[in-house]
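Novice: okay, predicted coordinates and the sequence, questions at the end:
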Amino acid sequence: MNIVISNSGDRPIYEQIASQIRDAILSGDLGEGDALPSIRSLATDLRVSVITTKRSYTELESQGFIDTIPGKGSFVAGGSGDLLREQRIRQVERQLEAALSSARSAGLSLSDVHDMIDALTEGAV
């Protein structure tokens with residue numbers, strides 16, 4: 001798993017880590033039951049404190065993305081298909097809101113947007 005953190009950004013490091021792991025789960029790069037690096041090894045690899053990686057894992061666990069088994073490690077949560085689907089739907093909604101905002105700014109009508117979507121999806125479904 002490749003996690004890239006930025007010390008110069010606005011987001012706390014634990015959020016950056018959690019976000020990238022969450023994205024890997026949502027994209028299918030990490031599947032149900034896949035083991036995550038140990039908190040200590042991830043902290044060492046990223047050169048951050050163990051407390052930071054622990055906080056990332058705690059956040060992911062509270063959101064239902066991972067399960068932690070004491071003495072065994074952390075794993076992508078099982079039965080999270082509905083949760084993953086809901087997250088993906090929210091992501092698509094955010095992207096559509098941004099696209100509609102851009103379309104309004106460009107003076108496009110809703111009919112124009114529908115025509116664009118139809119053209120883009122022709123043969124894709």
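Specialist: Received, thanks. Numbering: from 1, shown residues only.
Novice: going forward, measure contacts and count neighbours with C-alpha atoms only.
Specialist: OK.
Novice: tell me the helix or strand right after the lengthiest helix in the chain.
Specialist: Criterion DSSP state H: the longest helix present in the chain is helix 81-105. Downstream of helix 81-105, the first helix or strand assigned by DSSP states H and E is helix 110-121.
Novice: show me where pLDDT drops low in the protein?
Specialist: Scanning the chain for pLDDT under 70 picks out the ranges 79-82, 124-125.
Novice: tell me how far stretch 84-96 lies from the chain's centre.
Specialist: With C-alpha atoms, centre = their mean, to the nearest Å as the basis, stretch 84-96 stands 10 Å off its chain's centre.
Novice: follow-up on the earlier one: now for the longest helix of the chain, which elements pack on it?
Specialist: helix 13-27 (3 or more C-alpha pairs under 8 Å, 6 or more residues apart in numbering; DSSP states H and E).
Novice: what angle do the helix it packs on and helix 81-105 make?
Specialist: For helix 13-27 against helix 81-105, the angle by axes from the mean of the first three to the mean of the last three C-alpha atoms, to 10 degrees is 100 degrees.
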